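Visitor: I would like the atomic coordinates for the input below:
(3 chains, ligands or ions: 3)
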Amino acid sequence: MSDAQKTVITLICERAVEVNVDGGGACPDVPGMKVIKFPCSGMIQPLMIEAALKNGAEGVVVCGCQIGDCYYREGNRMIRERLLGDRPPTMKKGTDRRRILALWLARPQKDRFISESKEFIAKLGSLPAPEAK
Amino acid sequence: MIKYILSPKGIILLAFAGAVIAVSVLMAWSELGFSGTLPDWLTDLTTRIGLHGLISESFNNLKPGLGGDLTKFLEGKGVSVNPKSTASLGDYGYILFMGIALVIAGIAIMIIGKEDAEEKTVIPVKK
Amino acid sequence: MQKIVDNHPLKAFNSLTLMLENITNKVMTSKYNPFYYHGALPQYYLWVLYLSGLLLFAYYIPTIDNAYFSKNLVNAWTSVDYITKSLPFGGVIRGIHRYAGDAMVITIFLHAIRVWFTDRYRQYRWLQWVSGIILAIFVLFIGQTGYYLVWDERSLLLTRMTAGAFEAIPFIGSGLKTWFLNGDQITNLTLSNFLFIHIGLSFFLLFGLWVHYLRMTRPVMTPPPAVNYILTAFVLICVFLFPINSGQMADLNTQPNAFEIDWFFLFPYALLSQMPVGAYWAVMVLGTVAITALPWIMIPKQPAIETAEVVLNKCTGCSLCYKDCPYQAIEMVPAPAGSRFKLLATVKDFRCSGCGVCVGACAFDAIDLPDLPDAEVNAKIKALLEAKG
Ligand code: HEM
Ligand code: SF4
Ligand code: SF4
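Guide: Ligands and ions are numbered 1, 2, ... in the order given. Next up, the predicted model:
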C-alpha cells in the first residue's frame, strides 16, 4: 500500500487560509491532498466527512477562519461544535475521529496550513488501516 | 441541611461568609474614619487584640509624603480640592492603581486563558 | 464558485485588516483579539456610561439660575463643581463618564471601519449598517448635550452655536431652535430640556440597538472579562492622566469665543466655526447620506446572493437550521396539510446571506444552496477520491 495512492480530503471555507488548488482539485503544496471549497466552513456537514472517509479518504481536514472571525458570524463555531459532538447534527459513533483534523486559520496563515496538514498526513500513515465497515 | 452546615466544609463556608460580612461592614466603617462610640466590650476587644493600633497604623493613616509625587503631578494638572471637601487627591491615586491592577489582572487572565484558544482542534476519540 | 471574496473593491483594505489581525492573534490569540469583539466594545462602554451617569444624575441640578448664588443656591455649574470637588470619588466618576464616552466613540469608529473594510456591510446586512449610522449620530448628539450640561463657558458657546445652526435651517429652523432651547432664549427650562435629551436619547439607544441586533442570531455583545478589564483600565488611566475640570461658570451676559475641543464629540463645532452655516449643513447632510448609501453605491453590480432553498418533501421540521442560521433568515411555519411533520422550514430570501450554515445544520439533506447542493459535494468527494494520483 503506497502512500501516493492515499488521498486526504480538505473541506475548506473559501475565505479562510489561502490554499492553492489546481484544476483537478489537488493542492500542489501538500502531496496527496484534494480540496473542496465552501462559502463557509459552517456549511460542512458531518455527513460529508463521513462520506469522504467511507469512500476511501485516508483523512479529512476541516478548515475555517480563526474562531471569532467568521465572515458569516458563527459558521466556524458551528462546525467546531458539531465535530466535538456539542451541537447536532454530530458524527456517527463509529466514525474514526483520529482521521479528522480541524484547523482555524486566517487568510495569511498559509505556511501554518501546509505544515499542519503535512504533519497530519504523516501521522495518518502510522495509524492502523481503517476497518472495513 | 443542618448536617451539611455542621460538616467541616459547612463550617469553613460559614467562616468565610462571616469574614466577608465583617470585612464589608469594616469597609463602610472605614469610610467614616472608624468613628463613633463603640460598646465597651468591643473597644476592649479591639484594643486587646491590637486592632486599634492596626487601624490607626495602616488603615486610615494617610502618611504625609507617601503620595507626594502623585499629588504634585495632579496639582500640576489643575485638580483642586475644596478645603472643606471630604474628597481628596487620593481618589485619583486610587483610580490610577485600580487601572494598573486591572491591566495586570487582564494580562494575567489572558496569559492563562490563551491556552485554550485554538487554531487547531483535534477531535477526542469516542469510546 | 469563487465569489466576491477576492474581487470586491476594498480588497486591499481587507488584506490590511487581516494582516493586522494576524499580528494581534499572535499576541493575544483569537480568544482575546479585540477586533473579534468589535461590536461588543462600544456596547461595553455603553454600560459603563449608564452606571457612571446614574451616579452623576443623583447630584446634578439642571438650572442656570445664579441670581441667588450668594444665598448659597446651586445651579448646574455649581452642582457639577460639587460633584467634582466635594463628593467622594465625584471627580473620578465624572472623569469615567467623560472618557468612557470618548472611548465609545473610538470603538464605534473602529467597529464601523472593520465592518466596512472586511466587506461586512452590504446586501443582507444593510439594516445593521443604516441602524449603525443612526446610532452613531445619536451617540454624538448625546455626547454634545453632555457638554452643554456642565454649564461652563464652553457650554454657553456650544448652546449658542447649536441654536444658531438650527435657526438657519429653512422652514423648520425656528421651531427646532425653540424645541432645543425649550423657549425662545436660554432659561432654566433650557437645561432641563438638555438633561431630558441627554438621558432620554441614551435610553433610545437601547431601542436602536434592538433594531441593530434584530437580524443577527446571538450577537456578540460582551467581550471576555479580561478584555473588559483592559477597556476599563484604559478609561481609569485616562481619568488620572487628564483630570477634568469645568471652565468658568457660564455668564449669559458675556460671549465666550474659544474653548478646548474634545475632538471625538465636538468636531462638528470645529467645522461650524470654520464655515458658513449653510455650507456646514450641506457638508453634514451630504456626508451622512453618502455614508448611509455606501452599501448601495460601492458595488454597482452586486452579485446576487444564492439564497438557501428548502427541499419541501425532505424537511422534517426539526428546527436545527432555524436555530443555527446566523442571520435569522429561517422561519418555521406550520407544515402544509397532509405532511407527516408539524413544521416546515422557510427561508426569508431578503435576510439570507447564502452562507450555507443551514446546510451544515440539516441532517436530512433538506436544505440546499442552489449553486452547491450537498448531493454535488458528495459526488465531488467521490470523484476526487476515485481520481487517484
Ligand atoms: C452604538 C454603537 C454600536 C454598537 C454598540 C454596535 C454593536 C454591534 C454588535 C454587537 C454587532 C454584532 C457583531 C456580531 O455578533 O457579529 C454589530 C454588527 C454590525 N454593526 Fe454595529 N454597533 C454600533 C454601531 C455601528 C455603526 C456606527 C455601524 C456602521 C456604520 C455598524 C455596523 C454594523 C454592521 C454592518 C454589523 C453586521 C456585521 C456582521 O453581520 O458581521 N454598527 N454591531
Ligand atoms: S434542519 Fe433540515 S429538516 Fe430540520 S427544519 Fe431545517 S431544513 Fe427541515
Ligand atoms: S444560507 Fe442558510 S444559514 Fe445562511 S443565512 Fe441563508 S438561510 Fe441562514
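Visitor: so which elements touch the host helix or strand of C:Lys382?
Guide: Applying DSSP states H and E as the criterion places C:Lys382 in helix C:374-386. When contacts are defined as 3 or more CB pairs under 8 Å, 6 or more residues apart in numbering or on different chains; DSSP states H and E, helix C:374-386 packs onto strand A:8-13, strand A:33-38, helix A:46-54. For every residue, glycine as well, the C-beta is placed using N, CA and C.
Visitor: what's the angle from that helix to strand A:8-13?
Guide: Relative orientation of helix C:374-386 and strand A:8-13, computed by axes from the mean of the first three to the mean of the last three CA atoms, to 10 degrees: 150 degrees.
Visitor: can helix C:374-386 be found next to ligand 2?
Guide: No. Helix C:374-386 stays clear of ligand 2 (CB under 6 Å from any ligand atom), getting no nearer than 10.9 Å.
Visitor: and the contacts of that helix?
Guide: The contact list for helix C:374-386, computed with CB atoms under 8 Å, 6 or more residues apart in numbering or on different chains, reads A:7, A:9, A:25, A:34, A:36, A:38, A:45, A:47-48, A:51-52, A:55-57, C:359, C:365, C:368.
Visitor: show me which of those residues are buried.
Guide: Neighbour counting by 16 or more other CB atoms under 10 Å in any protein chain shown classes A:7, A:9, A:25, A:34, A:36, A:38, A:45, A:47-48, A:51-52, A:55, A:57, C:359, C:365, C:368 among these as buried.
Visitor: which residues does C:Asn188 contact?
Guide: C:62-65.
Visitor: neighbour-wise, which of those leads?
Guide: Neighbour counts for those (other CB atoms under 10 Å in any protein chain shown) peak at C:Ile64, which has 22 neighbours.
Visitor: residues touching that residue, list them.
Guide: When contacts are counted by CB under 8 Å, 6+ apart, C:Ile64 touches C:75-76, C:151, C:186-188, C:190-191, C:250, C:252.
Visitor: the same query, at a cut-off of 6 Å, please.
Guide: By CB atoms under 6 Å, 6 or more residues apart in numbering or on different chains, C:Ile64 lies in contact with C:75, C:188, C:191.
Visitor: CA-only coordinates of stretch A:22-37 in PDB, if you can.
Guide: Coordinates of the C-alpha atoms in stretch A:22-37 are reproduced here as PDB (Å, rounded to 0.1, in the frame of the first residue of the first chain):
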ATOM      1  CA  ASP A  22      -5.100  23.100  -9.400                       C
ATOM      2  CA  GLY A  23      -7.700  22.200 -12.000                       C
ATOM      3  CA  GLY A  24      -8.200  18.700 -10.700                       C
ATOM      4  CA  GLY A  25      -8.900  19.800  -7.100                       C
ATOM      5  CA  ALA A  26      -5.400  18.900  -5.900                       C
ATOM      6  CA  CYS A  27      -3.200  21.100  -3.700                       C
ATOM      7  CA  PRO A  28       0.300  21.200  -5.200                       C
ATOM      8  CA  ASP A  29       1.800  22.200  -1.800                       C
ATOM      9  CA  VAL A  30       0.700  19.200   0.000                       C
ATOM     10  CA  PRO A  31       1.100  15.900  -1.900                       C
ATOM     11  CA  GLY A  32      -2.000  13.700  -1.700                       C
ATOM     12  CA  MET A  33      -4.400  16.500  -0.700                       C
ATOM     13  CA  LYS A  34      -7.600  17.200  -2.600                       C
ATOM     14  CA  VAL A  35      -9.500  20.300  -1.800                       C
ATOM     15  CA  ILE A  36     -13.200  21.300  -1.900                       C
ATOM     16  CA  LYS A  37     -14.100  24.900  -1.100                       C
END
